[in-house]
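# any chance you can model this:
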Amino acid sequence: MLVGMMGVGKSTVGKRLAARLKVPFVDADHEIERAAGRTIAEIFERFGEPAFRDGERRVIARLIDGRRKVVATGGGAFMQPETRQLILDRATAIWLDADLDVLAERVGRRDGRPLLKGRNPREVLAELAAIRNPIYALAPIHVRSQPLPHEATVETIMKALAA
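Numbering: from 1, shown residues only. Modelled structure (predicted):
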C-alpha cells in the first residue's frame with residue numbers, strides 16, 4: 001500500500017512498481033469512484049468528507065484480500081485510524097514522501113482535488129504535511145520521491161522491500 005500526500009506519485013510509481021513485481025496495480029480512488037458511480041469531487045460535494053472516508057475504508061478493506069498487489073491510496077486514507085490500522089495490520093505500508101515544492105508543482109498540473117479547490121496549492125500542502133507527515137511516518141517503509149525519473153523511486157522501493 002502506497003501512502004503519502006497528493007502529488008507524491010503514488011499512482012505513477014505504483015503502476016511501475018506493480019509491473020516490476022509482476023502483480024496487479026489498483027488505484028483506490030478509482031475503485032471508490034467505480035463503487036460509488038461518482039467522482040471523488042462529487043462524493044465530497046454531495047455527501048461530505050465523512051461519507052467519503054467511510055466508503056474509502058470499505059473499499060480499501062475489500063482490496064486487502066490476501067492477493068499480492070500494489071495499491072495507491074488517496075492522500076487522506078492513512079489519516080483515518082480504522083483505515084490506517086487495516087493497512088498496518090494486513091498490508092505493507094510504504095510512505096512516499098517529497099519536498100513541498102515538488103508536490104506543489106505536480107498537483108498544479110491537474111484539477112479535481114477537493115482539498116485544493118480555490119486555494120493556494122503550496123499553502124494547503126504545507127498545512128496538510130504538518131498534520132499528516134507524523135502519521136505517514138507510522139508506515140514501516142519510508143521512501144523519498146525525488147524530482148528524478150519515477151524508475152529511481154521504484155528502485156528505492158525494491159531495495160527497501162528486499163531489506
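
# remind me which residues of the chain are low pLDDT?
108-118 (pLDDT under 70).

# at 90 instead, please
6-7, 9, 40-41, 44-45, 49, 65-66, 75, 99-125, 145-151, 163 (pLDDT under 90).

# could I get the full set of strands for it?
For the chain, the strands defined by DSSP state E cover 2-3, 25-27, 70-72, 94-97, 141-144.

# most tightly surrounded among those strands?
By mean neighbour count, with neighbours taken as mean count of other Cβ atoms under 10 Å, strand 2-3 ranks first of the strands of the chain at a mean of 28. (Glycine included, C-beta is placed from N, CA and C.)

# can you name every helix or strand that it contacts?
helix 10-21, strand 70-72, strand 94-97 (3 or more Cβ pairs under 8 Å, 6 or more residues apart in numbering; DSSP states H and E).

# what does that strand contact?
Outside strand 2-3, the residues that touch it by Cβ atoms under 8 Å, 6 or more residues apart in numbering are 10, 13-14, 17, 70-73, 77-78, 87, 93-96, 136, 139.

# mind listing the helices for this structure?
Secondary structure of the chain (DSSP state H): helices at 10-21, 28-36, 40-47, 49-63, 81-90, 100-107, 121-136, 150-162.

# now render the strands of the chain as JSON lines, adding distance to residue 153.
Output for the strands of the chain, formatted as JSON lines (distance: least, Cβ to Cβ, whole Å):
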{"stretch": "strand 2-3", "distance to residue 153": "10"}
{"stretch": "strand 25-27", "distance to residue 153": "15"}
{"stretch": "strand 70-72", "distance to residue 153": "13"}
{"stretch": "strand 94-97", "distance to residue 153": "7"}
{"stretch": "strand 141-144", "distance to residue 153": "6"}
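
# could I get the helices and strands packed on strand 2-3 as a markdown table with distance to residue 105?
Below are the helices and strands packed on strand 2-3 laid out as a markdown table (distance: least, Cβ to Cβ, whole Å):
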| stretch | distance to residue 105 |
| --- | --- |
| helix 10-21 | 14 |
| strand 70-72 | 19 |
| strand 94-97 | 15 |
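
# just so I know, which of those lies nearest residue 41?
helix 10-21 (16.5 Å; Cβ to Cβ).

# okay then, goodbye and thanks.
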